[in-house]
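In: Provide a 3D model corresponding to the input given below.
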Amino acid sequence: MSKASTIVRIMILASLITIIMTCNILAAGIPTGESLLASIRDEGPKPVLARLWADHEVFDQICSRIESGDPLWLKVASALRPAADAASAEELDFSVARALPNSPRGVLSMIGKGFDLEWVCTSPFIEESIDIEKAYLHKAEKALVKLNAIDVEETRKKCLLRIQDILKKLDKQ
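Out: The predicted structure is shown next:
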């Protein structure tokens, strides 16, 4: 084996080690839903939210997980919401709203329990194109139309009307 090929292999190995270490560091920086709920239970939501908010990259990752509609992450949003101020409340509200197409029943069950219909059944975007807003609203509308759950039926109807109303207003623009 030549000296040049040995150097190339060492450089590739060093690059792979760097990538693996970076991934591990990033993964370690994002708490699990279970660990967040345990911290909230032990410390209360305010200090936990303050820590998350202080590292906006971590908070954004938490919000992305909430947007998935996974029941565990929706519980995290519910547990954090009482401690939220204006900015963090808006981000949590929008994250829960973005979960609506993925988990309509889970999201609707949160309305009136820290989350308001007006902030969840809306276009959860700031300064996005109308096309992005419409695409999201149509997806949410479709999920609400398909949902058949007695326990959230009244909320489903109100949310659906609100989404359809927003779509009509956007169509006029």
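
In: contacts, neighbours, all on C-alpha from now
Out: Fine.

In: any idea how far the nearest residue to residue 113 once chain neighbours are set aside is from residue 142?
Out: Counting by CA to CA, 6 or more residues apart in numbering, residue 78 is the residue found nearest to residue 113 once chain neighbours are left out, at 7.8 Å. In this view, residue 78 and residue 142 are 24 Å apart by CA to CA, to the nearest Å.

In: With neighbour numbers in mind, choose between these two.
Out: Neighbours were tallied for residue 78 and for residue 142 using other CA atoms under 10 Å; the higher tally belongs to residue 78 (19 against 13).

In: CA atoms of the host helix or strand of the more buried one as PDB?
Out: The secondary structure element spanning residue 78 is helix 71-80 (assigned by DSSP states H and E). Output for helix 71-80, consisting of C-alpha atoms alone and laid out as PDB, is shown next (Å, rounded to 0.1, in the frame of the first residue of the first chain):
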ATOM      1  CA  PRO A  71     -48.900  11.300  21.400                       C
ATOM      2  CA  LEU A  72     -45.800  11.500  23.600                       C
ATOM      3  CA  TRP A  73     -44.700  14.800  22.100                       C
ATOM      4  CA  LEU A  74     -48.200  16.200  22.300                       C
ATOM      5  CA  LYS A  75     -48.100  15.400  26.000                       C
ATOM      6  CA  VAL A  76     -44.800  17.300  26.200                       C
ATOM      7  CA  ALA A  77     -46.500  20.300  24.500                       C
ATOM      8  CA  SER A  78     -49.300  20.200  27.000                       C
ATOM      9  CA  ALA A  79     -47.000  19.900  29.900                       C
ATOM     10  CA  LEU A  80     -44.800  22.900  28.700                       C
END
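
In: could you give the mean pLDDT of it?
Out: For helix 71-80, the mean pLDDT works out to 98.

In: next SSE after that helix?
Out: Going down the chain from helix 71-80, the next helix or strand is helix 86-99, by DSSP H and E.

In: Please give the centre-to-centre distance between that following helix and its chain.
Out: Distance of helix 86-99 from the chain centroid (CA atoms, centre = their mean, to the nearest Å) equals 8 Å.
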